[in-house]
Structure formats: structure tokens, C-alpha cells
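>>> Everything below, folded, please.
(chains A and B)
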Amino acid sequence: GAGVSQSPRYKVAKRGQDVALRCDPISGHVSLFWYQQALGQGPEFLTYFQNEAQLDKSGLPSDRFFAERPEGSVSTLKIQRTQQEDSAVYLCASSPREGLYEQYFGPGTRLTVT
Amino acid sequence: GENVEQHPSTLSVQEGDSAVIKCTYSDSASNYFPWYKQELGKGPQLIIDIRSNVGEKKDQRIAVTLNKTAKHFSLHITETQPEDSAVYFCAASPSLGGYNKLIFGAGTRLAVHP
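This next block holds a predicted model:
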């Protein structure tokens, strides 16, 4: 079946531009996570949604980062006024329900800020 | 908060040999420990996971062991094949009231030489 999809796969932004990254989770999955992966590092948690509710945004690095999931399916991660340190791969993962269940990752969006 | 350390950072083995990757975690409340394989340009792929009420789990050539007292867990790959070459990440999940926010190690780059 279809897995988690993310778009665009690659994004180049000039410093100061706003970007929007999209995640389509596995159909019916309740939980959705965003992670940031710097080059050569493990993913780092950004935020968590249970359906449309954003229950944890403790990992968002600054108020320039904003995420939403208005209808409980597709999610968008928005970064305003991008900075060079925002360059990373942004990964989305979904899980069938809340609790200790497997997370399935998408291919990620590689963001490069020049 | 939780901290996960992973070693070695690189591992080179001959085809057919075994590979072992070790992780330690700091939060004794963590109760879910997945392992992911990440190939170049792709998202992390779940290969095996273990929960805190189990000491060992096996799936064909892959096994994971957990020592809750010492707060460490390990991935064992037997009869390695060139297609096992990838970056492997361990993760730990503290219980946060209904969802598993994953804290990842820094990764191990495994190279299997024919």
C-alpha cells in the first residue's frame, strides 16, 4: 500500500524566504510526527499531532516554525524567514494510533537555504 | 530529558560476518526501543523494535536485546550481506502519556564488503 509521502523532495530557498513542506501520512493514521535531520545526525523531534490536535510542539526551534494538520490527515510544516541553520532534511512519520506504536517515515524534504 | 548514545559511529565487516551496534539511554522511564535503517536519500525504515517488558526479540537475521537495569540495548545482524550496508539508528521513547516521541542516537554507518 501507499506509504508516507512528502513534497517537495528538494527545496532551495534564499535566506529570508518562507517555505511550506507537505506531508501525506498513511491513510487512517491518527498520529503524525515531524522530525529534523541535520547532515550526519539522527532525526530530532519537532512536533506531534493526534488527529488535528497539536499535542506537543516542544521541539520547534523557534517561533519561525509552524505546523498544522487542519483536517487530521495532511500536514504542513511552515518555516518563515528561513536562515542557513534551517538547512536540513525534514522528515514526517505517521503511526496508526496514539501510544507505543510503530512510526513509518516518509522520504523527507531536503531544504537548502542559500 | 532522554539522551541516547550510539556506538560505534562506523562499522566495517566482511560479508557473512556478524555486526553489533550498541546504544545506551538515560531515562529509566523509556519503554519502547526501535531500530531504523536509512539508505542514502531515503527516509528511515523500521527494521525491528522491542518494548520494555521483553529482553530479546528476533526476526530472521536481526535480533535486538534490551537490558533495562543497565539501560542499554543492542542490534545484532548475523550473516551480513552487502545490501545491509546503510546507516542504522537506535531510538528510545519515554512514556509521555499516550504517544512515543522518539529520541534518536547519532547513527552507525555499516559497510559490508563482499
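
>>> show me what contacts the residue nearest to residue A:102 when sequence neighbours are not counted?
Distances taken as CB to CB, 6 or more residues apart in numbering or on different chains place residue B:46 nearest to residue A:102, at 5.5 Å, with adjacent residues excluded. (C-beta placed from N, C-alpha, C; glycine too.) The neighbourhood of residue B:46, defined by CB atoms under 8 Å, 6 or more residues apart in numbering or on different chains, consists of A:102-105, B:34-36.

>>> Bridged to the residue in chain B positioned nearest to chain A, which residues?
Nearest to chain A, among the residues of chain B, is residue B:104, at 3.2 Å (CB to the nearest CB). Beta bridges link residue B:104 to residue B:91, judged by DSSP bridges.

>>> that older thread, what separation do you get for the residue nearest to residue A:102 and residue B:98?
Residue B:46 sits 20 Å away from residue B:98, going by CB to CB, to the nearest Å.

>>> With residue B:88 instead?
Distance, residue B:88 to residue B:98, using CB to CB: 28 Å.

>>> More neighbours: which of the two?
Per other CB atoms under 10 Å in any protein chain shown, whichever of residue B:88 and residue B:98 has more neighbours is residue B:88, with 23 against 12.

>>> Give me the average confidence score over stretch A:90-97.
Stretch A:90-97 carries an average pLDDT of 93.

>>> ok, is stretch B:74-87 in contact with chain A or not?
No. Residues of stretch B:74-87 are not located near chain A by CB under 8 Å from any CB of the partner chain, the shortest gap being 9.0 Å.

>>> And the contacts of that stretch?
Counting by CB under 8 Å, 6+ apart, residues outside stretch B:74-87 touching it are B:13-23, B:35, B:37-39, B:48, B:61-65, B:88, B:90, B:107-114.

>>> Those residues of chain B touching chain A, which are they?
Contact residues (CB under 8 Å from any CB) of chain B with chain A: B:4, B:6, B:31-32, B:34, B:36, B:41-46, B:49, B:51, B:89, B:91, B:93, B:95-96, B:98-107.

>>> again, only using 6 Å
B:32, B:42-44, B:46, B:89, B:98-101, B:104-107 (CB under 6 Å from any CB of the partner chain).

>>> With secondary structure and pLDDT as extra columns, can I get those in JSON lines?
JSON lines is the format used below for these (DSSP: H, G, I helix; E, B strand; the rest coil; pLDDT from 0 to 100):
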{"residue": "B:32", "secondary structure": "strand", "pLDDT": "90"}
{"residue": "B:42", "secondary structure": "coil", "pLDDT": "94"}
{"residue": "B:43", "secondary structure": "coil", "pLDDT": "96"}
{"residue": "B:44", "secondary structure": "coil", "pLDDT": "97"}
{"residue": "B:46", "secondary structure": "strand", "pLDDT": "96"}
{"residue": "B:89", "secondary structure": "strand", "pLDDT": "98"}
{"residue": "B:98", "secondary structure": "coil", "pLDDT": "70"}
{"residue": "B:99", "secondary structure": "strand", "pLDDT": "77"}
{"residue": "B:100", "secondary structure": "coil", "pLDDT": "80"}
{"residue": "B:101", "secondary structure": "coil", "pLDDT": "88"}
{"residue": "B:104", "secondary structure": "strand", "pLDDT": "97"}
{"residue": "B:105", "secondary structure": "coil", "pLDDT": "97"}
{"residue": "B:106", "secondary structure": "coil", "pLDDT": "97"}
{"residue": "B:107", "secondary structure": "coil", "pLDDT": "98"}
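
>>> Kind regards, and thank you for your time.
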